[in-house]
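Peer 1: whatever this is, show me its structure:
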Amino acid sequence: MAEENEHEAVVSAWMGRVAPGRSAVQLVDLLDRAFGAMWERAHLPLGEITLAAIVDRVLYNAVETHAFLSVLKVEPSGLRCVELRESAAAVSDHQLAEGIRFILVEFLTVLGSLTAEILTPALHAKLSSIAPDEVRRESDDAQVGVGTPASKDREDES
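Peer 2: A predicted model of the protein is given here:
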């Protein structure tokens, strides 16, 4: 499918730019930020219920080939990555990166199919705008900036 190849190319280019050399926790932070940005962009035109149903389908498909992703959950505000962040060290960085790639490509593909690709350019732009410097580093303090998806997850745990 031409659209899937386009989504794969965009996700692969983005990951090739931001993922190399990242730890497992940093890779999960990349997923958190990227998915959060695309969720935010798609939320207004689609609504929470529709978007949650799409993400449920994406996660169902992802778990079939990447069982470790079963800890991801859909919430009203998007994808909950807390449990994946906690268990990420048990998965190889390569497997984790492939799982993340799968989720992002699958989300773009399913969403594109359901919306006749109307949101695709905006979602590709959102994904491409997530820069590596927005992802926390292992050497950063345990605190992540207020308002970031990673800090929201930590606040939710309290």
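Peer 1: make it CA atoms for all contacts and neighbour counts henceforth
Peer 2: OK.
Peer 1: enumerate the positions of the helix or strand hosting Val28 that are buried.
Peer 2: Using DSSP states H and E, Val28 falls within helix 24-46. Buried residues in helix 24-46, counted by 16 or more other Cα atoms under 10 Å: 24-40, 42-43.
Peer 1: same thing with stretch 76-88?
Peer 2: Gly78, Leu79, Arg80, Cys81, Val82, Leu84, Arg85, Ala88.
Peer 1: which one of those residues is nearest to Asn5?
Peer 2: Of all these, Asn5 sits closest to Leu79, with 23.9 Å by Cα to Cα.
Peer 1: follow-up on the earlier one: how far does the helix holding Val28 sit from its chain's centre?
Peer 2: 5 Å (Cα atoms, centre = their mean, to the nearest Å).
Peer 1: equivalent analysis for stretch 90-105, please.
Peer 2: 10 Å.
Peer 1: check stretch 10-22 too.
Peer 2: Worked out by Cα atoms, centre = their mean, stretch 10-22 lies 12 Å from the chain centre.
Peer 1: list the buried ones in it?
Peer 2: Buried residues in stretch 10-22 (16+ other Cα under 10 Å): Val10, Val11, Ser12, Trp14, Met15, Val18, Ala19, Arg22.
Peer 1: please identify which helix or strand holds the first one.
Peer 2: In this structure, Val10 is located in helix 2-18 according to DSSP H and E.
Peer 1: what does that helix contact?
Peer 2: Contacts with helix 2-18, where a contact means Cα atoms under 8 Å, 6 or more residues apart in numbering, come from Arg101, Leu104, Val105, Leu108, Thr109, Gly112, His124, Leu127, Ser128, Ala131, Pro132.
Peer 1: go with 7 Å
Peer 2: Arg101, Leu104, Val105, Leu108, Thr109, His124, Ser128, Ala131, Pro132 (Cα atoms under 7 Å, 6 or more residues apart in numbering).
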